[in-house]
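Colleague: Here is my input, please return the structure:
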Amino acid sequence: MSDVKSILFAEDNPLIVLAYRNALMRAGYHVKVAEDGLEAAKIMAAAKPDLVVLDLMMPKFSGTDLIKYIRASPTLKSIPVIILSEVSIADLAQEAISIGAERVFLKSRCTPATLIGAIKQLLHDGELDVSGKPPAA
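Modeller: Next up, the predicted model:
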């Protein structure tokens with residue numbers, strides 16, 4: 001029986017995927033990568049991840065469409081979603097929160113350590129964050 005949490009990382013930029021996938025794997029997570037929103041939806045239907053990290057601007061099926069798909073599905077709706085995007089349009093980020101994303105990070109201001117801290121907060125139900133940072137409000 002494995003206690004390893006699985007993360008679906010939906011991102012179409014291979015350099016971002018490489019940096020974050022490696023950091024997540026070093027932090028002890030099992031990571032599946034989807035290069036577009038449609039592939040992410042197929043992966044989720046086959047194997048429900050513990051958490052989803054996604055870009056808002058992806059081919060075939062946008063991040064906002066994917067959040068709507070997740071929140072409309074009885075088997076997927078409780079999965080936490082973190083947006084990692086370069087979309088700096090406040091309205092789009094606000095829409096992502098309003099339709100069910102738990103956190104939104106700009107790629108230019110996020111590090112793998114920041115993302116891992118947020119993942120630990122969402123997946124480990126209030127366990128202390130190893131960075132020592134208080135939970136985000």
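Colleague: From now on I want contacts and neighbour counts done on CA atoms only, so please keep to that.
Modeller: OK.
Colleague: can you give me how far stretch 52-63 is from the chain middle?
Modeller: 10 Å (C-alpha atoms, centre = their mean, to the nearest Å).
Colleague: Just the buried residues of it, please?
Modeller: Neighbour counts over stretch 52-63 (16 or more other C-alpha atoms under 10 Å) mark 52, 53, 54, 55, 56, 57, 58, 61, 62, 63 as buried.
Colleague: By mean pLDDT, which helix or strand of this protein comes out lowest?
Modeller: helix 90-98 (a mean of 70; mean pLDDT, DSSP states H and E).
Colleague: In contact with the nearest residue to residue 77 once chain neighbours are set aside, which residues?
Modeller: The spatially closest residue to residue 77, leaving aside those adjacent along the chain, is residue 71, at 4.2 Å (C-alpha to C-alpha, 6 or more residues apart in numbering). Applying C-alpha atoms under 8 Å, 6 or more residues apart in numbering, one finds that residue 71 lies in contact with 77, 78, 99, 100.
Colleague: Any quick ChimeraX command for the buried ones out of those residues?
Modeller: Buried residues among the contacts of residue 71 (16+ other C-alpha under 10 Å), as a ChimeraX selection:
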select :100
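Colleague: Please report how far residue 45 lies from residue 13.
Modeller: As judged by C-alpha to C-alpha, to the nearest Å, residue 45 and residue 13 stand 23 Å apart.
Colleague: Same question for residue 3.
Modeller: For residue 3, the distance to residue 13 equals 29 Å [C-alpha to C-alpha].
Colleague: Of these two, which one has the most company?
Modeller: Ranked by neighbour count (other C-alpha atoms under 10 Å), residue 3 and residue 13 place residue 13 first, with 12 against 7.
Colleague: Phi first, then psi, for that one.
Modeller: Main-chain torsions, residue 13, degrees, to the nearest 10: phi -100, psi 110.
Colleague: what's the answer for residue 115, then?
Modeller: phi -60, psi -40.
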